[in-house]
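Visitor: compute the structure for the input listed below.
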Amino acid sequence: MKKSIGLVALVIALCAPAAMHAQEVKHAAEKVGNKTAEVASKGKSKVVDKTYKDKEGPNGETIYIDKHDKCYWVDKKGHKEYISKKELRDKPKH
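Guide: Just a heads-up that it's a prediction; the model follows:
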């Protein structure tokens, strides 16, 4: 009985670091996937849609105009975030 309890404890001790490593790999894979989606969406937007040259988003994002004249910016996960023209701000002149 004591040997089986010790064996179970040993197995648990050996599996815990593997589980933590798997979580780290999953987190890293999600970051890479999000960055890939962001770059792909921005690239597609630059080719397909117009860029609003004089305006920017609330946090300095590049604004694109789609074929329906709706303004949007691309977030860190590659999603289009639509924004009203009232919410746009002028780009600072350098």
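Visitor: only C-alpha atoms, please: export stretch 84-94 in PDB.
Guide: Below are the C-alpha coordinates for stretch 84-94, written out as PDB (Å, rounded to 0.1, in the frame of the first residue of the first chain):
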ATOM      1  CA  SER A  84     -18.200  55.900 -36.800                       C
ATOM      2  CA  LYS A  85     -16.800  58.900 -38.500                       C
ATOM      3  CA  LYS A  86     -17.600  61.000 -35.500                       C
ATOM      4  CA  GLU A  87     -15.200  58.900 -33.400                       C
ATOM      5  CA  LEU A  88     -12.200  59.500 -35.800                       C
ATOM      6  CA  ARG A  89      -9.600  62.100 -34.900                       C
ATOM      7  CA  ASP A  90      -7.200  64.000 -37.100                       C
ATOM      8  CA  LYS A  91      -3.700  62.700 -37.500                       C
ATOM      9  CA  PRO A  92      -1.100  64.900 -35.900                       C
ATOM     10  CA  LYS A  93       1.100  66.700 -38.400                       C
ATOM     11  CA  HIS A  94       4.800  66.000 -37.900                       C
END
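Visitor: rounded mean pLDDT for that stretch, please.
Guide: Stretch 84-94 shows an average pLDDT of 89 in the prediction.
Visitor: residue numbering should commence at 18 henceforth.
Guide: Sure, I'll start counting at 18 from here, so that last one is stretch 101-111.
Visitor: in the protein, which strand is the longest?
Guide: What stands out as the longest strand in the chain, according to DSSP state E, is strand 67-73.
Visitor: for it, packing partners?
Guide: strand 79-82, strand 106-107 (3 or more C-beta pairs under 8 Å, 6 or more residues apart in numbering; DSSP states H and E). Any C-beta I mention is one placed from the backbone N, CA and C, and that applies to glycine too.
Visitor: contact partners of it?
Guide: For strand 67-73, contacts defined as C-beta atoms under 8 Å, 6 or more residues apart in numbering pick out 79, 80, 81, 82, 88, 105, 106, 107, 108.
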